[in-house]
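Chemist: sequence and computational prediction follow.
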Amino acid sequence: MSLLQNHKNAGGVLAAAWEHVVADFRDFRFTWRGFWRWSAITVAAILVAALVTLYFLDWNQLREPIGRYLSHRYSRQVRIDGDLKVALFTWQPRIDVGGLYVGNPAWVKDPQGASLQHAHVELRLMPLFRGELVLPILEIERPDILLVRDAQGRTNWDSGDGNTGWKLPPIHRFLVKDGHLVIEDAVRKLRFTGTINSQEVTAERQAAFTMAGDGTLNGNKFTAGVHGGPLLNVDENKPYAFTADVHAGETHVTAEGSIAHPFHLDRYAANLNLTGPSLADLYYLTGLVMPRTPPYRVSGNLQRDGTQYRFTAIKGMLGNSDISGDLAVNVAEKIPALSGRMASRQLDFTDLGSLFGSGKNDPAPSNLLLPDMPLHTERLTQMNAEVDYSALAVKSRDFPLRGLGTHISLQGGVLDLKPLAFQFPQGKLSGELKIDGRKAVPVTSVDARLTDIHIENFIKSGDKPLTGTLEARAKLTGHGKSVHAAASTADGQVTVALHGGGMRHSLAEWLGVNVLDAVGLSLSGDRSNTNLRCAVANFETRNGIMTAQQFVLDTDPVRIDGKGRVDLHDESLDLTLQGQPKSFQIFRVKVPITLSGKLASPRIGIDPKPALTQGGIGVGLAVLNPFAAILAFIDPGLAKDANCAALLGDAQSKGAPVKNQAVRQAAPVRK
């Protein structure tokens with residue numbers, strides 16, 4: 001009886017509730033209170049349903065949808081071949097992935113970009129609510145990674161700007177077991193195969209991170225090793241120390257430094273030590289265009305801050321020259337930009353030869369004076385630069401140099417050294433050197449000026465048979481991949497002027513082949529000088545051949561005129577100097593002086609043909625009268641003074657920095 005009564009009571013309650021719901025809809029009126037109440041009920045129901053679904057979900061059923069989503073997003077195949085397990089309902093959610101496969105972009109020959117046997121990841125839940133990702137544990141087993149960059153610069157690891165550096169979330173315990181890494185870089189000509197391990201403490205070994213491997217770089221043997229402390233209990237607020245050791249052929253780089261915030265690879269500092277046969281070889285390691293140098297050893301402090309690299313407190317030696325300064329590289333753009341200031345206390349002049357391929361370590365030395373080793377001008381488009389260089393003193397066996405200063409500008413494939421200035425005890429060599437590397441065959445232009453050079457400073461002996469002020473200008477443009485190739489195609493002009501000095505009297509007479517006077521002065525030990533009124537030479541250069549347009553050397557007793565050419569194709573000389581006396585000479589042999597041979601080893605000789613003709617005339621006169629034979633060797637001395645003012649003025653108009661005062665002083669005095 002009681003059960004029946006309870007059943008009736010329950011039915012009445014349900015009927016009353018249903019009647020209440022029907023009444024609510026029949027008498028419905030919108031209120032904000034009701035809206036928020038039903039909204040909250042709906043959201044709560046959805047959340048409960050989602051949580052229940054996630055709790056009982058078989059995550060392996062989502063492997064294919066997740067793979068399709070990631071494949072579409074990253075434009076390469078991604079799939080999970082093993083188990084996918086996720087534990088969300090804990091303060092430290094866990095994810096286990098087995099058999100992860102990541103493919104390469106379609107342009108990469110090898111279809112597989114990365115794979116791993118198993119990965120275990122744990123996340124801290126509370127930092128996620130603050131928008132922070134913290135990984136207490138990351139364990140990876142047998143990762144296999146292939147990094148590829150083709151000759152056009154495309155990479156399989158980054159679809160955007162790869163210069164900003166990787167920033168990983170804090171990882172407190174990072175374990176990598178049996179990692180395998182392959183790098184194929186067509187730009188750097190690098191092929192590298194290595195292993196990666198980050199081990200826990202075991203009975204056999206200490207906890208540590210290691211990456212080591214070998215391969216080739218530009219055809220040379222390449223080995224690299226990176227070692228760090230254990231990646232256990234890592235504190236993201238404390239620096240992480242590491243060391244690196246790299247060998248690329250004869251280049252050796254060591255580093256000892258730290259990452260300011262672990263796993264933020266865009267912030268670190270290290271002490272670097274570099275040694276090698278030439279700084280140019282660092283191009284394949286760094287991507288920076290450095291000059292060809294003699295063997296070097298350099299150290300300094302390297303700091304990276306995002307896209308900014310700073311190499312400061314640089315000290316070292318390039319050949320026999322010291323080097324110091326600070327450099328910075330900005331890689332924010334596609335082409336890196338180098339800036340800074342370098343200096344030497346003493347520069348060995350012979351070390352400059354390496355810049356243009358004439359160093360003592362050249363693999364194939366030649367007998368050419370101008371180096372013929374190809375310059376890597378195609379690299380000029382790979383970097384921009386604005387760098388100042390100065391040398392306080394210059395050590396030179398052949399030239400009395402005091403200092404050197406230049407600004408090196410490299411923009412858009414055009415290298416410009418302007419100003420380029422060598423200081424002498426008196427006077428300077430200044431100008432500009434420009435190499436345009438934007439074309440397959442680079443174009444080189446030189447505009448150099450010698451100003452106020454005292455030629456006697458170039459004569460090492462205490463005896464100075466020649467004095468005077470030398471002024472000159474060379475303005476040439478040529479094309480070719482070496483200094484010699486550019487010179488052998490050069491067009492332009494070379495003008496040289498010497499004024500305001502003197503010449504040893506005996507030397508002037510010998511140049512005029514005034515035999516009696518020359519022999520007499522030489523035998524008497526005469527050291528007197530005669531006035532050097534002027535000397536001017538102007539060479540017009542076309543397609544590498546320098547032809548003398550003017551060649552005059554004028555002294556008080558003798559005027560010397562020259563002619564001929566210099567062929568820069570084979571660096572041969574073919575010059576003739578003919579002296580004419582200005583006073584009566586009893587015994588003068590008409591023997592022109594010749595300069596022949598090569599620029600690197602010129603030969604001074606005589607042309608005997610005029611002398612043979614002169615001797616033949618003497619023999620003919622001797623038939624008539626033995627005393628008449630001397631008439632063939634008598635010179636009336638009809639040569640006139642050269643118009644030095646006009647010659648110097650012409651040299652001035654062709655760009656030689658001859659001062660107006662020198663032109664006025666050379667003008668003849670009117671009586």
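Modeler: Arrived safely.
Chemist: only C-alpha atoms from now on, for both contacts and neighbour counts.
Modeler: Will do.
Chemist: what residues of stretch 99-118 count as buried?
Modeler: 99-105, 108, 112-118 (16 or more other CA atoms under 10 Å).
Chemist: for the residues you listed, which one is nearest residue 409?
Modeler: residue 108 (37.0 Å; CA to CA).
Chemist: run a quick neighbour tally on residue 393.
Modeler: 17 (other CA atoms under 10 Å).
Chemist: wait, residue 283 touches residue 251, no?
Modeler: No. Counting by CA atoms under 8 Å, residue 283 does not reach residue 251; the two are 11.2 Å apart.
Chemist: circling back to that earlier point, farthest pair within the buried residues of stretch 99-118?
Modeler: Largest pairwise distance in the buried residues of stretch 99-118, by CA to CA, is 24.9 Å, between 108 and 118.
Chemist: average pLDDT for the host helix or strand of residue 597?
Modeler: Using DSSP states H and E, residue 597 sits within strand 593-598. Averaged over strand 593-598, pLDDT sits at 85.
Chemist: and the contacts of that strand?
Modeler: Residues outside strand 593-598 that contact it (CA atoms under 8 Å, 6 or more residues apart in numbering): 511, 570-578, 602-607.
Chemist: return the subset of the residues you listed lying in strands.
Modeler: Of those, the ones assigned to strands by DSSP state E are 572-578, 602-606.
Chemist: any idea of the pLDDT on residue 2?
Modeler: At residue 2, the pLDDT value in this model is 50.
Chemist: for the stretch 451-600 of the chain, give me the ranges with low pLDDT.
Modeler: Applying pLDDT under 70 to the stretch 451-600 of the chain picks out residues 461-462, 507-527, 583-591.
Chemist: which parts of it are helices?
Modeler: 483-487, 505-511, 515-523 (DSSP state H, counting those that start in this stretch).
Chemist: also the stretch 51-200 of the chain?
Modeler: 63-74, 125-129.
Chemist: lowest average confidence across those, which one?
Modeler: Here the lowest mean pLDDT among the helices of the stretch 51-200 of the chain goes to helix 125-129, at a mean of 83.
Chemist: and that helix, what's buried?
Modeler: residue 125.
Chemist: kindly report the same for stretch 243-252.
Modeler: Of all the residues in stretch 243-252, those buried under the rule 16+ other CA under 10 Å are 243-249, 251-252.
Chemist: straight-line length of it, end to end?
Modeler: 14 Å (CA to CA, to the nearest Å).
Chemist: quick one: average confidence on that stretch?
Modeler: 94.
Chemist: same question for stretch 323-331.
Modeler: 96.
Chemist: on that earlier part again, pull out the buried members of the contacts of strand 593-598.
Modeler: Those of the contacts of strand 593-598 that meet the buried threshold are 511, 571-578, 606, by 16+ other CA under 10 Å.
Chemist: among those, which one sits closest to residue 274?
Modeler: Distances from residue 274 to the buried ones among the contacts of strand 593-598, taken by CA to CA, are shortest for residue 571, at 38.5 Å.
Chemist: the closest one contacts residue 565, doesn't it?
Modeler: No. Residue 571 is beyond contact range of residue 565, at 10.4 Å (criterion: CA under 8 Å).
Chemist: any idea how far residue 421 is from residue 449?
Modeler: Per CA to CA, residue 421 is found 9 Å from residue 449.
Chemist: how far does the strand holding residue 597 sit from its chain's centre?
Modeler: When distances are taken as CA atoms, centre = their mean, to the nearest Å, strand 593-598 is centred 40 Å away from the chain's centroid.
Chemist: that strand versus strand 601-606: what angle between them?
Modeler: Interaxial angle of strand 593-598 relative to strand 601-606 (axes from the mean of the first three to the mean of the last three CA atoms, to 10 degrees): 150 degrees.
Chemist: which strands border strand 593-598, and is each parallel or antiparallel?
Modeler: strand 572-581 (antiparallel), strand 601-606 (antiparallel) (DSSP bridges).
Chemist: just the C-alphas of it, formatted as PDB.
Modeler: Taking C-alpha atoms only, strand 593-598 is exported to PDB below (Å, rounded to 0.1, in the frame of the first residue of the first chain):
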ATOM      1  CA  ILE A 593     119.500  53.400 -73.800                       C
ATOM      2  CA  THR A 594     116.900  50.700 -73.800                       C
ATOM      3  CA  LEU A 595     114.600  49.300 -71.100                       C
ATOM      4  CA  SER A 596     113.400  45.800 -71.900                       C
ATOM      5  CA  GLY A 597     112.500  42.500 -70.200                       C
ATOM      6  CA  LYS A 598     109.700  42.200 -67.700                       C
END
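Chemist: what comes up buried for it?
Modeler: Those would be 593-596, 598, for strand 593-598 by 16+ other CA under 10 Å.
Chemist: relative to residue 67, which of those residues is nearest.
Modeler: residue 598 (72.9 Å).
Chemist: could you pull up the contacting residues of residue 127?
Modeler: 133-134.
Chemist: circling back to that earlier point, and for residue 421 and residue 449, which residues touch both?
Modeler: 429-431.
Chemist: want to throw these into CSV with distance to residue 225 and secondary structure?
Modeler: Putting the shared contacts of residue 421 and residue 449 into CSV (distance: CA to CA, whole Å; DSSP: H, G, I helix; E, B strand; the rest coil) gives the following:
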residue, distance to residue 225, secondary structure
429, 48, strand
430, 47, strand
431, 46, strand
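Chemist: can you add neighbour count, distance to residue 333 and pLDDT and give these back as TSV?
Modeler: Formatted as TSV, the shared contacts of residue 421 and residue 449 follow (neighbours: other CA atoms under 10 Å; distance: CA to CA, whole Å; pLDDT from 0 to 100):
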residue	neighbour count	distance to residue 333	pLDDT
429	20	37	91
430	21	34	93
431	20	32	93
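Chemist: and the residues you listed, which is closest to residue 415?
Modeler: Of all the shared contacts of residue 421 and residue 449, residue 431 has the smallest distance to residue 415: 14.1 Å, by CA to CA.
Chemist: could you list the low-confidence segments of the stretch 51-200 of the chain?
Modeler: 51-57, 159-166, 199-200.
Chemist: can you give me phi and psi for the residue nearest in space to the middle of the chain?
Modeler: Note on the chain: the residue nearest the mean C-alpha position is residue 289, at 2.1 Å, using CA atoms, centre = their mean. Per-residue torsions, residue 289: phi -90, psi 110 (degrees, to the nearest 10).
Chemist: so what's it up against?
Modeler: Contacts of residue 289 (CA under 8 Å, 6+ apart): 280, 282-283, 379-380, 382-383.
Chemist: for residue 647, same thing?
Modeler: Contact analysis of residue 647 by CA under 8 Å, 6+ apart lists residue 536.
Chemist: and for the one 5 residues further on?
Modeler: Residue 652 makes contacts with 658-659, as judged by CA under 8 Å, 6+ apart.
Chemist: give me the secondary structure label for it.
Modeler: Recorded secondary structure, residue 652: helix (DSSP: H, G, I helix; E, B strand; the rest coil).
Chemist: that older thread, mind putting the buried residues of stretch 243-252 into JSON lines with secondary structure and distance to residue 313?
Modeler: JSON lines is the format used below for the buried residues of stretch 243-252 (DSSP: H, G, I helix; E, B strand; the rest coil; distance: CA to CA, whole Å):
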{"residue": "243", "secondary structure": "strand", "distance to residue 313": "20"}
{"residue": "244", "secondary structure": "strand", "distance to residue 313": "20"}
{"residue": "245", "secondary structure": "strand", "distance to residue 313": "21"}
{"residue": "246", "secondary structure": "strand", "distance to residue 313": "21"}
{"residue": "247", "secondary structure": "strand", "distance to residue 313": "23"}
{"residue": "248", "secondary structure": "strand", "distance to residue 313": "24"}
{"residue": "249", "secondary structure": "coil", "distance to residue 313": "26"}
{"residue": "251", "secondary structure": "strand", "distance to residue 313": "21"}
{"residue": "252", "secondary structure": "strand", "distance to residue 313": "19"}
